[in-house]
Each structure stands twice: as C-alpha cells, then as structure tokens.
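[1] With the input below, show me the fold.
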Amino acid sequence: MSDQYNQTGISDSTFGDNAHIEIKQEINAPRQKQPIPDNVPVASPNFVGRVQELKDIYAKLQTGQGVSVCAVEGMGGLGKSELARRYAWEYRQEYAARYWFSLRGVGLAQAVVTFASRYLDLPEVMQSQTVEAQAEWCWQNWTPTEGKVLVILDDVTDLKSIPQQARPLADRFQILVTTRKRKLSPYFADIPLNVISEDEALELLRKFLGAARVNREEDAAKAICEDLGYLPLGVELAARYLQLDEDLSLGDYQQRLKITDESLALQETEEINAGRGVIAAFELSWQELSASTAKAAMLLGLFAPADIAWGLVEEIAADLIEVADLREGRKQLNNLYLIKAVDQERTRFAMHSLTREFLQWKLAQDSDTNRLFRETFVTSLLNKAKQIPQSPTRDLIAAVAPAIPHLDMLSREMLDDIPNLEEDLIWAFIGIARFYEGQSLYSSAMLFYQNCLENIKSYLGLEHPTVGTILENMAKIDTLQGDFGNAETRSLEAISVFKKVLGNYHQYVAYSLNSLANCYYEQCRYKKAEECLLQSQEIIRITLGEDSYLFAENLSNLANLYRIQQKFIEAESLFLNAFRILRTQFYDDDLRIATILNNLAELYKDQKKYKEAETLFSRSLSIWYQNLESCHIDIALGLNNLAECYRLQNKNGSEVKFLYLKAQEIMEKALGENHIKVKIIRANMRLFLKGQNL
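    Numbering: from 1, shown residues only. Purely as a prediction, here's the structure:
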C-alpha cells in the first residue's frame with residue numbers, strides 16, 4: 001500500500017458576513033500495521049503422553065538453515081493435530097505469533113490469502129496474479145515483521161497442496177505439518193507418530209472417568225484400550241461416551257465394543273477436539289485409495305491381527321489381484337500408514353487393529369466380493385495347512401510359521417467360510433496341531449486337537465470319521481505325556497468310530513491299533529501290544545499291501561516289542577525287513593529312516609554289539625539334528641541312546657555327560673521333570689557318574 005495525500009478541490013464557497021470555505025480532502029495514509037492475531041485452536045486439556053515427540057518437534061524446527069519444516073506423520077486417529085496444538089501451546093513463548101491452516105480439501109495458497117485478506121490490503125496490481133503469487137506477497141508483508149513465527153499446516157494430503165511458492169520463505173518462519181502420508185517430502189524432517197502406550201491410554205480414560213471408576217474395573221479398562229489398539233481418537237471417544245453414561249460398566253461396554261459402535265462416532269461436545277469419529281477418520285484415507293489398492297486393502301483386512309508375511313499375501317491374492325496392482329497397493333497403503341513394515345527386509349507387515357476392523361467392515365458392504373475374498377482366503381490357508389505332515393521338519397516348520405497366526409484366527413472366526421466342511425474342516429486345526437507337535441509343544445497341540453474335536457462333532461456329527469482321526473492323534477500325545485488311561489480310552493473310541501463308519505478292515509483302523517499298541521508297550525503290557533500289532537498288520541496287508549510305509553512301521557513296532565522281550569532273532573529279521581521297505585520309498589536322510597536306524601541300534605546295543613549300535617545311533621541322531629527343531633524329543637532320545645552306548649563301552653569324558661545333560665534338558669522342557677523318560681535319563685546319568693567315580 002503506497003502513502004498518498006490528495007487535495008480534491010474547493011466547494012460550497014460563499015462571501016459576506018458568514019463567508020466560509022470548505023476544503024474537501026481524501027487522505028490515503030498507511031493503515032496502522034497490527035500483528036495478525038494467532039488463530040491456533042485451543043489444545044485439549046485431556047492430552048496425554050507424547051513428551052518425547054514434543055521435544056523432537058522443537059529440536060527439528062531449530063535447524064537454522066532456511067525455513068524449518070517438520071512433518072508429523074501417521075494414520076488417522078493418532079492425534080497428529082492435537083500434538084500440533086499442544087506444541088503450539090507448550091512452546092508459545094518461543095514465537096511472536098502462531099498460525100493454523102486446515103488444509104483438508106483446500107490448497108495452502110488459497111487458505112493463506114483467505115485468512116490474510118482480513119488483515120492485509122492486497123495491492124491492485126496483485127489482484128490479477130495467481131493465488132500462489134498472492135500468497136507469496138502475503139508472507140512477504142506478514143505481520144508481525146520480527147520474531148519467530150510458527151505456521152501449522154494441518155492435514156496435508158499431498159505435496160502439491162503446499163507448493164513452495166505458497167509457503168513462507170523467510171528464516172524466521174517455522175512450519176509444522178501434519179499428514180497421513182509417509183515421507184511427504186525429502187526436505188522435511190519427519191516424525192512418524194505411533195499409538196500411545198497402555199499406561200497413557202489408561203491415563204486418558206482416568207481424565208474423563210476419574211481414577212476410582214477406572215481402577216475399580218482396571219482389567220476391563222485395559223481390555224477397552226487394547227481393543228481400540230491404543231488409538232488416541234478411539235480411546236478419547238470411548239471415554240467421553242462412558243463419561244456420559246455413568247451406569248454403564250466398563251466390562252459391559254468392552255463386550256459390545258466394535259468399530260461400528262455408536263460410541264466411536266463423533267459426539268458434539270466441548271470436552272474433546274476430535275473433528276470426526278473413528279470410521280470417518282479412516283474414510284479419509286480410504287478415499288485416497290485406487291480401486292485396485294482398495295481390493296488389496298480389503299484382502300489384508302482378513303488376516304489376523306499379527307504380522308503378515310507378504311509372500312503369503314501374494315499366494316492368497318494370486319487369483320484375485322494382479323501382482324503389479326498388489327505391489328502398487330502395498331506402496332500406497334504403506335505411504336498412508338495403513339500398513340507398516342516390521343522387518344528391515346520389508347517381508348512382513350503389520351496393520352492397526354482398528355484399520356483391520358474398518359477394512360473388514362468395508363468388505364462386508366459388498367456381499368459378492370466379501371464371499372469371494374473370504375472363500376479364497378480360507379481355501380489358500382487350508383491348502384497351506386495340508387502341507388504339514390505328521391512329523392514336520394525344521395525347514396517345513398519355518399516355511400509354514402508365517403501362516404500359523406492366520407490359521408489360528410481362521411479356526412476361531414471363519415469356519416463358516418470353508419467351502420467344503422466335510423473334507424476341510426479338520427485342516428483348520430490339525431495343521432496347527434502338527435506344527436506345535438513338531439516342536440514338542442504338546443500342550444499347545446492338544447488344545448487345537450480338542451477344539452477340532454468339538455467343532456467336528458458340532459458341524460459333522462459324532463460318527464464322522466474325522467472324529468476318530470482326532471481321537472487317535474490325541475491318544476498319541478496322551479501316551480507321550482504318560483497319560484495312559486486317556487490314551488487307551490481315546491484309542492479304543494477311535495477304533496470304534498472307524499469300524500462303525502468305515503468297516504473293520506480299513507487302514508484308519510490299523511492306524512489306531514498301532515497307536516493303542518504303543519500305549520500298551522509303554523505300560524509294559526506286551527501281550528496286549530502284540531495282539532494290536534498283529535491285528536493291524538493283517539488289515540494293512542489286505543488294504544495297503546506289504547510294501548507300504550504303514551506295513552514297515554508295523555514291522556518296526558513289532559520288532560521293538562520282541563526286542564524288549566529279548567527275542568533278538570525275530571526282532572532283527574523284522575527290523576531289516578522294515579528297513580528294506582523304507583529304503584525303497586524314502587531318502588536316506590528321511591525321519592522314518594532315522595527312526596528305524598535308532599530302533600535297530602537299540603537291538604544291537606541290547607546284544608552288546610556296541611560298535612554297530614554306535615554307528616547307527618550316530619547316524620539316526622545326525623538325521624534328527626538335520627531335520628528337526630533342536631527342542632524335539634527325538635533328539636533327546638538320540639542323545640540319551642548314544643550316551644548309553646558310550647557308557648556301556650566304558651567311555652569316559654565330558655562328552656558323555658554333556659549328551660546326558662542335553663537330553664535331560666530337552667526332555668524336561670517337552671514333557672516335564674517328573675515324566676518317566678526324564679527319570680530314565682537321570683538314572684542313566686547317575687550310573688555313568690558312578691562308573692566314573694564322580
């Protein structure tokens with residue numbers, strides 16, 4: 001604005017007694033330049049945590065090199081805007097003025113011109129310029145003209161909305177950006193925001209509800225915070241809702257809590273600064289997704305609230321989404337903080353629990369896509385479960401491990417989505433059980449077998465053959481754990497189911513007879529064990545033939561029974577016959593080969609053929625070490641057997657003691673310190689130490 005003084009002329013002149021002259025003047029003197037008033041919204045009194053983040057913002061804005069820009073980044077609902085308000089309040093003494101521009105749906109240039117036009121007179125020459133040029137003029141003429149000025153650009157959706165020409169350029173300006181976009185600009189100092197801690201979430205609840213109410217139902221309060229994923233917006237909305245309903249217990253509220261609950265919608269109140277509810281907050285990010293990314297997001301929403309292996313995502317999405325679209329979707333979802341990498345290799349990703357719930361809610365709105373995605377998801381995971389054999393190797397356990405949390409979730413939440421319950425219901429459980437068995441985690445395995453049995457009975461009836469299959473698997477674990485009463489009961493029940501449904505001469509009957517024989521063997525009931533094995537052998541010969549793996553296993557079990565009764569000639573013949581069958585079907589490093597070698601070595605040890613026994617024990621142990629987890633009880637068995645072979649040869653030294661101690665450690669962890677197998681290892685070690693005069 002230029003300084004002007006203009007005289008426009010003389011008017012209304014008269015002469016005489018009352019002569020007077022009126023001079024009309026127009027003075028365009030400069031407007032007194034007053035500071036443009038602060039417009040930062042008031043910070044919430046319920047703010048919790050973020051102490052380090054506030055310090056980080058301050059530190060990153062003090063670079064001293066041009067205009068400092070700091071971007072607070074993160075998904076919707078984390079409290080980015082509230083953090084900016086809190087920073088403006090706590091550091092208000094640092095700034096001559098502080099300004100707030102809400103940029104959702106509007107560019108910075110227009111926001112600056114609209115705001116500044118109330119306090120600055122835009123010269124006529126500038127009025128025909130672009131809005132960016134007008135914004136640049138506003139910053140150049142901004143008042144106050146001295147001192148640091150904080151400019152907060154809230155909810156920036158992309159870099160195009162805040163072009164450099166529309167931003168202040170003088171060093172005294174410091175810019176704080178809030179955005180849902182990851183790494184909005186390489187020139188901005190970024191601060192990724194995370195959820196608050198459990199303690200901070202509980203503190204937020206106490207600010208609304210009082211310490212007494214929260215402490216009285218602390219477990220329910222913790223569950224509410226956990227269900228909301230410690231998302232500040234969710235916790236604050238829930239707290240305000242509970243504040244307005246003093247008769248609603250926290251426990252009852254937690255039981256009904258889900259993302260569509262009315263409590264998580266925006267409530268008109270002065271108590272909180274939230275501008276939208278939880279769903280509305282997620283909708284803003286959803287609107288930025290491309291159609292293919294939206295499909296990828298909805299598929300990701302089906303996964304369990306656990307790490308998601310991207311390789312597993314690609315397997316499941318193979319028939320639903322093009323690989324290029326899926327990878328582009330991953331980039332877009334990551335950039336919007338809807339997923340985040342949890343390892344440096346970026347092979348595993350995580351998703352906030354409310355993001356997952358929102359995406360499931362979105363998927364449910366399209367019934368056809370929902371059905372297709374859910375069936376594809378379930379079928380793919382069940383196919384993964386079918387890859388897990390009775391005795392999985394270490395490599396296979398590692399390969400399927402990423403799918404286990406999602407199979408677990410499937411077994412609890414998605415059974416109704418299995419297209420073929422008759423054939424596939426069992427695989428929702430048995431694969432996970434085998435996964436745990438392969439690591440000697442028998443209690444975990446038993447839990448899934450029990451859940452499987454309950455669901456099979458519920459969905460398929462009491463006399464379905466898979467009832468027998470699960471009972472047989474449970475009986476095997478009972479035998480391992482020394483619970484012989486339950487083992488016998490379950491084996492007999494399994495045999496009864498199989499005979500009733502499949503007939504007396506079916507391979508499943510033979511399986512269960514073998515399991516029952518093992519139960520009797522462990523109890524030294526050798527006659528009963530032999531009866532079961534001979535019955536099983538007859539069925540296998542008829543149904544599968546004498547060259548089958550099951551026939552070889554039966555021969556090995558029968559040979560072991562004869563060995564323990566010192567029928568060495570019969571035992572050796574059976575072992576060698578079983579070994580011959582297995583060698584034609586499996587590689588030399590197969591687990592089944594290791595078992596037969598170990599059993600044959602036991603026979604040679606009992607016959608005092610220690611050199612032959614030592615060779616076979618070493619070979620079987622090597623195969624087990626090569627294929628099994630180091631905590632597997634077969635490794636403990638092999639260590640003990642090799643140590644025993646050394647002891648009986650009067651070998652001394654620390655190696656033998658180490659073998660016993662390692663075997664005891666593994667067996668105790670798997671079966672408990674009071675298990676008979678642990679006691680046998682201890683007894684063997686005592687004999688060794690006694691022989692060494694230790």
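
[2] my read is residue 297 is in a helix, agree?
    Yes - judged by DSSP: H, G, I helix; E, B strand; the rest coil, residue 297 forms part of a helix.

[3] And stretch 289-305, how far out from the chain middle?
    15 Å (Cα atoms, centre = their mean, to the nearest Å).

[4] so what's residue 590 up against?
    If you count contacts by Cβ atoms under 8 Å, 6 or more residues apart in numbering, residue 590 has them with 582, 623. Where you see a C-beta, it was placed from the backbone N, CA and C, and this is true even at glycine.

[5] What ranges does the stretch 351-500 of the chain have for its helices?
    353-364, 367-385, 394-400, 404-413, 421-424, 430-437, 442-460, 465-480, 484-502 (DSSP state H, counting those that start in this stretch).

[6] and the spatially most central residue of the chain, helix, strand or coil?
    With distances taken as Cα atoms, centre = their mean, residue 306 lies nearest the centre of the chain, 1.3 Å away. Secondary structure state of residue 306, per three-state DSSP, is coil.

[7] how close does it get to residue 358?
    17 Å (Cβ to Cβ, to the nearest Å).

[8] re earlier: give me the nearest residue to the residue nearest to the centre of the chain, chain neighbours excluded.
    Distances taken as Cβ to Cβ, 6 or more residues apart in numbering place residue 405 nearest to residue 306, at 3.7 Å, with adjacent residues excluded.

[9] residues near the one you found, how many?
    Around residue 405 there are 17 other residues, counting by other Cβ atoms under 10 Å.

[10] Leaving out the residues flanking it, which one is nearest to residue 539?
    residue 510 (4.2 Å).

[11] If you count neighbours, what's buried in the helix or strand harbouring the one you found?
    In this assignment (DSSP states H and E), residue 510 forms part of helix 507-522. For helix 507-522, burial by neighbour count (16 or more other Cβ atoms under 10 Å) applies to 507-522.

[12] what's the answer for stretch 607-615, then?
    Quick answer for stretch 607-615 (16+ other Cβ under 10 Å): 610, 613-614.

[13] which residues are contacting that stretch?
    Contacts of stretch 607-615 (Cβ under 8 Å, 6+ apart): 568, 601-602, 604-605, 642, 645-646, 648-649.

[14] Can you check which of the helices of the stretch 351-500 of the chain gets nearest to residue 629?
    For these, the distance to residue 629 is smallest for helix 394-400, at 5.2 Å, taking Cβ to Cβ.

[15] Highest neighbour count among the contacts of stretch 607-615?
    residue 601 (27 neighbours).

[16] Any regions of the stretch 551-694 of the chain where pLDDT drops low?
    694 (pLDDT under 70).

[17] Break down the stretch 551-694 of the chain into its helices, ranges please.
    568-585, 591-606, 610-627, 633-648, 654-671, 676-691.

[18] Dump the ones you listed to CSV, plus distance to residue 84.
    What follows is the helices of the stretch 551-694 of the chain, written out as CSV (distance: least, Cβ to Cβ, whole Å):
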stretch, distance to residue 84
helix 568-585, 68
helix 591-606, 60
helix 610-627, 56
helix 633-648, 57
helix 654-671, 51
helix 676-691, 61
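
[19] so which of these comes closest to residue 400?
    helix 610-627 (14.8 Å).

[20] Could you tell me the angle between the closest one and helix 654-671?
    Angle, helix 610-627 to helix 654-671, by axes from the mean of the first three to the mean of the last three Cα atoms, to 10 degrees: 50 degrees.

[21] got the angle between helix 610-627 and helix 633-648?
    Using the same axes, to 10 degrees: helix 610-627 against helix 633-648 is 160 degrees.

[22] Helix 610-627 to helix 591-606, inter-axis angle?
    Using the same axes, to 10 degrees: helix 610-627 against helix 591-606 is 160 degrees.

[23] For helix 610-627, list the C-alpha coordinates in CSV.
    Output of helix 610-627 as CSV, limited to C-alpha atoms (Å, rounded to 0.1, in the frame of the first residue of the first chain):
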residue,chain,number,x,y,z
TYR,A,610,28.3,-101.7,20.7
LYS,A,611,30.3,-100.7,17.6
GLU,A,612,27.4,-101.4,15.3
ALA,A,613,25.0,-99.7,17.7
GLU,A,614,27.1,-96.6,18.0
THR,A,615,27.3,-96.2,14.2
LEU,A,616,23.5,-96.5,13.8
PHE,A,617,22.8,-94.2,16.8
SER,A,618,25.2,-91.6,15.4
ARG,A,619,23.5,-91.8,12.0
SER,A,620,20.0,-91.5,13.3
LEU,A,621,20.9,-88.6,15.6
SER,A,622,22.5,-86.8,12.7
ILE,A,623,19.3,-87.2,10.6
TRP,A,624,17.2,-85.9,13.5
TYR,A,625,19.6,-82.9,14.0
GLN,A,626,19.5,-82.2,10.3
ASN,A,627,15.7,-82.2,10.1
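
[24] On the three-state scheme, residue 184 is what?
    Of the three states, residue 184 takes coil according to three-state DSSP.

[25] Which pair of the contacts of stretch 607-615 spans the longest distance?
    Of all pairs drawn from these, the greatest distance, 21.7 Å, lies between 568 and 646 (Cβ to Cβ).
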